[in-house]
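Trainee: sequence plus the predicted model coming up.
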Amino acid sequence: MIRATHVLRRDALVGEIVDRIVLDHGDRHRRRMAMRGVGGVAFLLDLAEPTVLDDGDALVLEDGRLVWVEAAPERLLAIRAADDHALKRLIWHIGNRHIPAEIAPDAVYIAHDHVLAEMVRGLGGTAEAVERPFRPEGGAYAGEAAGHHHHGHPHDHGHSHTHD
């Protein structure tokens with residue numbers, strides 16, 4: 001099986017695009033995985049280290065051909081607030097839970113989670129269910145796929161670990 005061994009970022013694309021792969025946020029953070037493009041090109045993603053693939057990037061196959069990366073629509077929550085101060089408060093609470101968040105001009109987007117939706121509403125914000133590609137901020141842990149985990153529950157669980 002042909003391998004894709006590196007990534008061209010969207011602002012540096014040069015070459016023949018032969019297929020596209022549509023991936024959700026979780027599948028865009030990989031190192032090694034068998035994939036098949038929507039046009040049928042099968043390949044093994046085989047990168048040197050876990051990499052976040054962005055919408056518009058391309059995977060470079062061993063023969064030089066490119067497979068376009070497209071961010072798939074996902075079920076998200078669009079978080080909004082009445083004013084900037086209220087929105088900053090909501091962002092603090094979301095960040096305190098160490099979950100990926102996309103900060104856009106019109107809203108803050110997070111993966112759909114009914115518990116977080118209720119928290120947002122309880123703090124005076126709105127949490128609207130939407131379907132759109134998820135492009136969260138890279139953040140401090142963007143390059144540490146195996147070294148940090150993201151989850152949607154409070155940190156008072158039965159084991160200890162640091163988040164530095």
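Mentor: Good, I have the coordinates.

Trainee: what sits against Asn40?
Mentor: No Asn there; residue 40 is Gly. Asp19 (C-beta atoms under 8 Å, 6 or more residues apart in numbering). C-betas here are computed from N, CA, C, even on glycine.

Trainee: spell out the secondary structure type for it.
Mentor: coil (DSSP: H, G, I helix; E, B strand; the rest coil).

Trainee: now do it against Asp19, distance only.
Mentor: According to C-beta to C-beta, to the nearest Å, Gly40 stands 7 Å off from Asp19.

Trainee: what touches both of these two?
Mentor: Contacts common to Gly40 and Asp19, judged by C-beta under 8 Å, 6+ apart, are absent.

Trainee: now do the helices in this structure.
Mentor: With DSSP state H as the criterion, the chain has helices at 84-96, 114-122.

Trainee: what does the last one contact?
Mentor: In this case it means helix 114-122. Outside helix 114-122, the residues that reach it (C-beta under 8 Å, 6+ apart) are 77, 79, 90, 93-94, 97, 99, 110, 126-127, 129, 152-153.
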